[in-house]
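*Asks:* Fold the following.
(one chain, ligands or ions: 1)
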Amino acid sequence: MAQGRAEGSAEAGPAAGEAAAAAAGPSVAAWRASRVGRLRLDRPKALNALDLPMIRALRAALESWRADPGVHAVVIEGAGGRAFCAGGDIRAVRADAMAGRREAVEDFFAEEYALNLAIARYPVPYVALIDGVCMGGGIGVSVHGAVRIATEAALFAMPETAIGFFPDIGASHVLPRLPGALGMYLGLTGARLSGADAVHAGLATHFVARERLAAVSAALETDGVAAIASHAAPLPAFSLGPHRAAIDRCFGADSVMEILDRLAAEPGDWAQQTLGLLRAASPLAVLWSFELLRQGAMRSLEDCLAAELALTRTVTAHAAFHEGVRAMVVDKDRAPRWQPGRIEEVDPAVIRAMFATPAPG
Ligand code: QUE
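*Replies:* The predicted structure is shown next:
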């Protein structure tokens, strides 16, 4: 159980006294409601971004319910109405990396990825209610679960190439398994998906109107996962539908250079906007993410997470990561100065060297 949060009997949330008592503990509320274990990411000012105490609290709650035959499902949501979870506490990771606290960096990613794997292997349905921003680490605490309910206010993305990082949290397993080359497109460009689009892409499983989410949440406690279907809203069309063929044509290429060439040859605004996203991202990050996603297509989730953890060791020590997080998260000037500045200028040997040693077991 999460520290500072005793098991509550409240139906709609932890008892008021518990919430106050937990102010100094991890920003996660965990409580039992009927036959459901409930988790709420409770750090709304940081858009519920995951820090290490939150990751540990989530893991502890899941482990405490794992062997409890009274827990028939786990439901996770975000507090505050704006975000499910904006990602990991990448600002702290950058500070640790730049100060040479390698162990702190290692602990963060090792425990985050272990949580992702525990969710994927969870013995009862793990249900994420995604209403608002769901990026990076937020996808990691939802996509591996059996049920991902998205509302019209949901916004999904894997934006890591913009900060000189790479699609982690098991994304190197998940993205290559999306239809066609959609995963490579999402992982390299950081393109955003609406809740409905996330269902079409396979990141979410159900589309529910935001105004019905509280009713779904209550029904999960009384009727279980089977209750979701009766609350589903009609699914709007896939906004990427008109671009699906071009996505597969361009992002199915064998190299980043070939992706760029094919986008440049593609008619219409979408291809030029997509080229713009790739050109704004860290050139190194686009290249190392391409290689990771390509290798992930052939690996198990466990091996993908191990390969990602190995890659965090080189990437978090890299100037591209320090600069990307500075520009997008710390200073928020959104004007990263990448070195080298263009994909064409990256020495392929640098990328090859990063993947030369196999991920340690
Ligand atoms: C790209 C990213 C992330 C990002 C911004 C980007 C990311 C991430 C955060 C984030 C958001 C809110 C926080 C926080 C970090 O922002 O992965 O600490 O409070 O976690 O452009 O990949």
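
*Asks:* what's residue 124 in contact with, if anything?
*Replies:* 65, 71-74 (C-beta atoms under 8 Å, 6 or more residues apart in numbering). Bear in mind the C-beta positions are built from the backbone N, C-alpha and C, glycine included.

*Asks:* what's the spacing between it and residue 345?
*Replies:* Computed with C-beta to C-beta, to the nearest Å, the distance linking residue 124 and residue 345 is 50 Å.

*Asks:* cool, residue 202 as well?
*Replies:* According to C-beta to C-beta, residue 202 stands 35 Å off from residue 345.

*Asks:* between the two, which one's more packed in?
*Replies:* Using other C-beta atoms under 10 Å, the more surrounded residue of residue 202 and residue 345 is residue 202, with 16 against 11.

*Asks:* In contact with the spatially closest residue to the more buried one that is not a sequence neighbour, which residues?
*Replies:* Once flanking residues are discounted, residue 202 sits nearest to residue 178: 5.2 Å by C-beta to C-beta, 6 or more residues apart in numbering. Neighbour list for residue 178: 186, 201-203 [criterion: C-beta under 8 Å, 6+ apart].

*Asks:* cool, and residue 42?
*Replies:* 27-29, 48, 79.

*Asks:* Between all of these, which two are separated the most?
*Replies:* Comparing all pairs in those by C-beta to C-beta, the longest separation belongs to 29 and 48, at 11.3 Å.

*Asks:* who touches both of these two?
*Replies:* With C-beta under 8 Å, 6+ apart, residue 29 and residue 48 have common neighbours 42, 79.

*Asks:* and these two? which has more neighbours close in?
*Replies:* residue 48 (29 against 24).

*Asks:* Show residues contacting stretch 86-100.
*Replies:* Contact with stretch 86-100 is made by 46-52, 102, 104-105, 108-109, 112, 133, 135-138, 140, 163, 165, 169, 316-317, 321-322, 325-326, 329-330, as judged by C-beta under 8 Å, 6+ apart.

*Asks:* Show me what from the stretch 151-300 of the chain comes close to the ligand.
*Replies:* Where the stretch 151-300 of the chain comes near the ligand, counting by C-beta under 6 Å from any ligand atom, the residues are 159-160, 162-163.

*Asks:* And the buried ones among these, selectable in ChimeraX?
*Replies:* Restricted to buried positions by 16 or more other C-beta atoms under 10 Å, the ChimeraX selection for those reads:
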select :159,160,162,163
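
*Asks:* would you turn the residues of the stretch 151-300 of the chain next to the ligand into JSON lines with secondary structure?
*Replies:* Listed next are those as JSON lines, based on DSSP: H, G, I helix; E, B strand; the rest coil:
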{"residue": "159", "secondary structure": "coil"}
{"residue": "160", "secondary structure": "helix"}
{"residue": "162", "secondary structure": "helix"}
{"residue": "163", "secondary structure": "helix"}
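
*Asks:* Mind putting the residues of the stretch 151-300 of the chain next to the ligand into TSV with pLDDT?
*Replies:* Shown next, in TSV, are these (pLDDT from 0 to 100):
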residue	pLDDT
159	98
160	98
162	98
163	98
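
*Asks:* of the residues of the stretch 151-300 of the chain next to the ligand, closest to residue 190?
*Replies:* Closest to residue 190, out of all of those and judged by C-beta to C-beta, is residue 159, at 3.7 Å.

*Asks:* Excluding sequence neighbours, find me the nearest residue to that closest one.
*Replies:* Once flanking residues are discounted, residue 159 sits nearest to residue 190: 3.7 Å by C-beta to C-beta, 6+ apart.

*Asks:* same thing with residue 170?
*Replies:* Counting by C-beta to C-beta, 6+ apart, residue 116 is the residue found nearest to residue 170 once chain neighbours are left out, at 4.8 Å.

*Asks:* Look up which residues are beta-bridged to residue 156.
*Replies:* On the basis of DSSP bridges, residue 156 is bridged to residue 134, residue 193.

*Asks:* ok, now how distant is it from residue 233?
*Replies:* 17 Å.

*Asks:* so what's the residue of the stretch 251-361 of the chain found nearest the ligand scoring on pLDDT?
*Replies:* As assessed by C-beta to the nearest ligand atom, the ligand sits closest to residue 328 within the stretch 251-361 of the chain, at 3.7 Å. pLDDT, residue 328: 98.

*Asks:* Confirm for me that it is in contact with residue 334.
*Replies:* Yes. Residue 328 is within contact range of residue 334, at 6.2 Å (criterion: C-beta atoms under 8 Å).

*Asks:* okay, these two: which has more neighbours?
*Replies:* Shown here are residue 328 and residue 334; by other C-beta under 10 Å, residue 328 has more neighbours (18 against 9).

*Asks:* so when I look at the more buried one, I'm seeing a helix, right?
*Replies:* Yes. Assigned with three-state DSSP, residue 328 falls within a helix.
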